[in-house]
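Student: Structure for this input, please:
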Amino acid sequence: MTTQNVVKKPVVPIKTTRSGIVTALIAFCIWGAFPLYFKQLAAYDATEIIGHRIVWTFACLLIVVVVTKRWQWIDTLKQNPRWIALTFLSGIIIATNWLTYVWAVNHDRILEASLGYFIGPLVGVALSMILFKERLRSLQWVAIGFALLSVIIQVVMLGSLPWLSLILAFSFSTYGTIQRQTPLTPVDAMFVETTMLVPIFIWWFWQADVVSSQLGFWFTSNIWLLMLAGPITLIPLLLFNRSTKLVAYSILSFMNYLTPTFIFFLAVFYYKEPFDLHRLVVFGLIWLGLLLFSIDLWRHRPSKALKTERLREEALQQVK
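Tutor: The predicted structure follows:
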């Protein structure tokens, strides 16, 4: 009887570089500073702002696609036609997330938006358990428990469900869940998403009673501020994509919390939104959950797993 040795290709952990950390930090800082930009657009309807964000993000991505000749997504979708509908769905989901976020910023509810993005990673873990049958580790269960407890406390103390935070958390986590499965790269996925959404918003501009429904508005100097929505959406995405190749997953996962942290500080210290004891309790439970979640990520980081696997293989070789 012969035994066939199956050689597994080892997963090589990404080596973290200083340029990668800086690149990721710039991306998270830009995302965290979004309230400063959207506050400048408070005179416009939230749906109108998102319409411009979709249109100008598409325009920027079109330039990138044409210049870099990124047409492989066409063959990818031909080979996986069901992803046309799923990509359209993910576009609707991220547009809903953007719309909710802009509405929150321009209605002085930035603190709730921050809470939503703090909850997001824990919701993502819960969705992975439900959709992909992933087994949660003990600390992950405890972290999700703290998130649920924070929602219950807010309902009891404030008498209302934190619907805005939950919409942001679930929409962002659901979008991330779809992106985990898509055969498209993040840039290609967003290009296809915006391509399918642009006609919808062009129609909305045409029939809605908003400033952008006036054809002359698109040729005035006022349009420039709205056009910025395209570059500020695309630039951090490109920076983040680059950082994923230069920064270890465990470190990048921890850095993800920088964005809601920046938003939190803007809400409390710059825009002076109320932060009472009730909200401190709610945020405190979320932060405690995220601390445990981060500890779990660090304990099970790829580099450690690879080292454990190498030691196991060496032990097996000694037995043989």
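Student: so where's the protein uncertain?
Tutor: Within the chain, the ranges that satisfy pLDDT under 70 run 1-14, 158, 250, 302-320.
Student: remind me, longest helix of it?
Tutor: If you go by DSSP state H, the chain has its longest helix at helix 82-106.
Student: And that one, what does it pack against?
Tutor: Judged by 3 or more C-beta pairs under 8 Å, 6 or more residues apart in numbering; DSSP states H and E, helix 82-106 is in contact with helix 34-38, helix 46-68, helix 72-79, helix 110-132, helix 163-181, helix 186-207. For the C-beta atoms, the positions are set from N, CA and C on the backbone; glycine is no exception.
Student: Let me know which of these is the nearest to Glu273.
Tutor: helix 110-132 (4.8 Å; C-beta to C-beta).
Student: What is the following helix or strand past the closest one packed up against?
Tutor: Using DSSP states H and E, the helix or strand that follows helix 110-132 in sequence is helix 138-158. Identification of packing neighbours for helix 138-158 by 3+ C-beta pairs under 8 Å, 6+ apart yields helix 110-132, helix 277-299.
Student: can I get those helices in TSV with distance to Val66 and mean neighbour count?
Tutor: Shown next, in TSV, are these (distance: least, C-beta to C-beta, whole Å; neighbours: other C-beta atoms under 10 Å):
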stretch	distance to Val66	mean neighbour count
helix 110-132	33	21
helix 277-299	39	17
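Student: gap between the nearest residue to Asn97 once chain neighbours are set aside and Val64?
Tutor: Spatially, and ignoring its direct neighbours in sequence, Asn97 is nearest to Ser171 (4.0 Å; C-beta to C-beta, 6 or more residues apart in numbering). Using C-beta to C-beta, to the nearest Å, Ser171 is found at 25 Å from Val64.
Student: quick one, what contacts Ala33?
Tutor: Neighbouring residues of Ala33 by C-beta atoms under 8 Å, 6 or more residues apart in numbering: Phe262, Leu266.
Student: Would you state the strands of the stretch 201-320 of the chain in chain order?
Tutor: In the stretch 201-320 of the chain, no strands are defined using DSSP state E, counting those that start in this stretch.
Student: before we move on, the earlier item: the residue nearest to Asn97 contacts Thr96, correct?
Tutor: Yes - the pair Ser171 and Thr96 qualifies as a contact (C-beta atoms under 8 Å) at a distance of 5.2 Å.
Student: Neighbour count: those two, which is higher?
Tutor: Set Ser171 next to Thr96 and count neighbours by other C-beta atoms under 10 Å: Ser171 wins out with 23 against 18.
Student: In contact with that one, which residues?
Tutor: Ile93, Ile94, Thr96, Asn97, Thr100.
Student: likewise Ser213?
Tutor: Ser213 neighbours (C-beta under 8 Å, 6+ apart): Phe205, Trp206, Gln207.
Student: Tell me how many other residues crowd the last one.
Tutor: Think Gln207. 8.
Student: Without its sequence neighbours, what residue ends up closest to it?
Tutor: Nearest in space to Gln207, with sequence neighbours left out and distances taken as C-beta to C-beta, 6+ apart, is Ser213 at 7.5 Å.
Student: which residues are in contact with the longest helix of the chain?
Tutor: 34-35, 38-39, 41-42, 46-47, 49-50, 53-54, 76-77, 110, 112-113, 164, 167-168, 171-172, 174-175, 178-179, 182-184, 189, 192-194, 196-197.
Student: try stretch 151-167
Tutor: Stretch 151-167 has contacts (C-beta under 8 Å, 6+ apart) with 96-97, 100, 104, 109, 112-113, 115-116, 119, 278, 281-282, 285.
Student: From start to finish, how long is stretch 254-262 in a straight line?
Tutor: End-to-end distance of stretch 254-262 (C-alpha to C-alpha, to the nearest Å): 14 Å.
Student: what do you get for stretch 76-84?
Tutor: Termini of stretch 76-84 sit 10 Å apart (C-alpha to C-alpha).
Student: how far out from the middle of the chain is it?
Tutor: The chain centre lies 23 Å from the centre of stretch 76-84; the measure is C-alpha atoms, centre = their mean, to the nearest Å.
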